[in-house]
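Undergrad: let's see this in three dimensions:
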Amino acid sequence: MPIASMPVYCATKAAVHSFTVSLRYQLRDTSIKVFEIVPPAVDTELGKGTTEEGDQEYRGIPPSEVARAAITAMTNDEYEILVGEAKDLVRRARANPEQAFLSINQW
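TA: Numbers count the residues shown, from 1 in each chain. This next block holds a predicted model:
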């Protein structure tokens, strides 16, 4: 789902999704499995330093939660792995893209 304040970041995420879907289709008759992991914000060093320490209270889910969900889903051959809040966002975006876009971009 595009976030108006981060167009390049969101465009690259969309490109990775499109590439993953296409690659999975191309490799469907082989033994290669193509998984896509879609986490929400994750509390890592990547996001630190982008805001003042006290400015951002929520820094995302723990990396261990993403890892646990990914391993479980890959074990079950679930190729699209939606983790945490990403599950609801993807569901809303597929059901009503315009409303999901407006909702995520209202500040």
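
Undergrad: what about the helices in the chain?
TA: 7-26, 63-75, 85-95, 97-104 (DSSP state H).

Undergrad: got those helices as a markdown table, with mean neighbour count, distance to P40 and mean pLDDT columns?
TA: In this view, the C-beta of every residue, glycine as well, is placed from N, C-alpha and C. A markdown table is the format used below for those (neighbours: other Cβ atoms under 10 Å; distance: least, Cβ to Cβ, whole Å; pLDDT from 0 to 100):
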| stretch | mean neighbour count | distance to P40 | mean pLDDT |
| --- | --- | --- | --- |
| helix 7-26 | 12 | 12 | 96 |
| helix 63-75 | 14 | 9 | 97 |
| helix 85-95 | 14 | 4 | 93 |
| helix 97-104 | 13 | 12 | 94 |
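
Undergrad: list the contacts for the residue nearest the centre of the chain?
TA: Centroid-nearest residue in the chain, with Cα atoms, centre = their mean: V38, separated by 2.9 Å. V38 is in contact with 17, 80-83, 86, 90, counting by Cβ atoms under 8 Å, 6 or more residues apart in numbering.

Undergrad: what is the nearest of these to M74?
TA: I81 (7.3 Å; Cβ to Cβ).

Undergrad: how about the nearest residue to that closest one, chain neighbours excluded?
TA: Distances taken as Cβ to Cβ, 6 or more residues apart in numbering place A73 nearest to I81, at 4.2 Å, with adjacent residues excluded.

Undergrad: can I assume that neighbour is in contact with F35?
TA: Yes: under the criterion of Cβ atoms under 8 Å, A73 makes contact with F35 at 7.4 Å.
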